[in-house]
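[1] Sharing a model that was predicted from the sequence below.
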Amino acid sequence: MNETEILALLVALLVAILAGLAAGFLSWRSGRPVPSAALVGGGAALTFLAVYFAAVSAYR
């Protein structure tokens, strides 16, 4: 892997973490308990990463 690919992977990971945190926070603020909101945030982050890796594998 070259530097550009590593940076793209790190940016995708950062965006996935931020999307998961936002989804979890919004879920928590809408009245869900914290463990449930954490699962929502984790699911959102993993879904984002799955879409990113599927796009990368389809590109190659």
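    Thanks, I have it.

[2] if I look at residue 14, how far off is residue 7?
    As for residue 14, its distance to residue 7 is 10 Å (criterion: C-beta to C-beta, to the nearest Å). Yep, even glycine has a C-beta here, placed from its N, CA and C like the rest.

[3] Now do stretch 35-51: distance to the chain's middle.
    Computed by C-alpha atoms, centre = their mean, to the nearest Å, the chain-centroid distance of stretch 35-51 equals 6 Å.

[4] Same check on stretch 8-17?
    The chain centre lies 8 Å from the centre of stretch 8-17; the measure is C-alpha atoms, centre = their mean.

[5] which outside residues touch that stretch?
    With C-beta atoms under 8 Å, 6 or more residues apart in numbering as the test, stretch 8-17 has contacts from 1, 45, 46, 48, 49, 52.

[6] Just the buried residues from these, in PyMOL please.
    Selecting just the buried residues from the contacts of stretch 8-17 in PyMOL takes one command, with 16 or more other C-beta atoms under 10 Å as the test:
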select buried, resi 45+48+49+52
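
[7] can you put the contacts of stretch 8-17 in a markdown table and add pLDDT, secondary structure and distance to residue 29?
    Formatted as a markdown table, the contacts of stretch 8-17 follow (pLDDT from 0 to 100; DSSP: H, G, I helix; E, B strand; the rest coil; distance: C-beta to C-beta, whole Å):
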| residue | pLDDT | secondary structure | distance to residue 29 |
| --- | --- | --- | --- |
| 1 | 77 | coil | 38 |
| 45 | 95 | helix | 18 |
| 46 | 95 | helix | 21 |
| 48 | 94 | helix | 20 |
| 49 | 93 | helix | 24 |
| 52 | 90 | helix | 26 |
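
[8] Using a markdown table, please lay out the contacts of stretch 8-17 together with distance to residue 23.
    Shown next, in a markdown table, are those (distance: C-beta to C-beta, whole Å):
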| residue | distance to residue 23 |
| --- | --- |
| 1 | 29 |
| 45 | 8 |
| 46 | 11 |
| 48 | 9 |
| 49 | 13 |
| 52 | 16 |
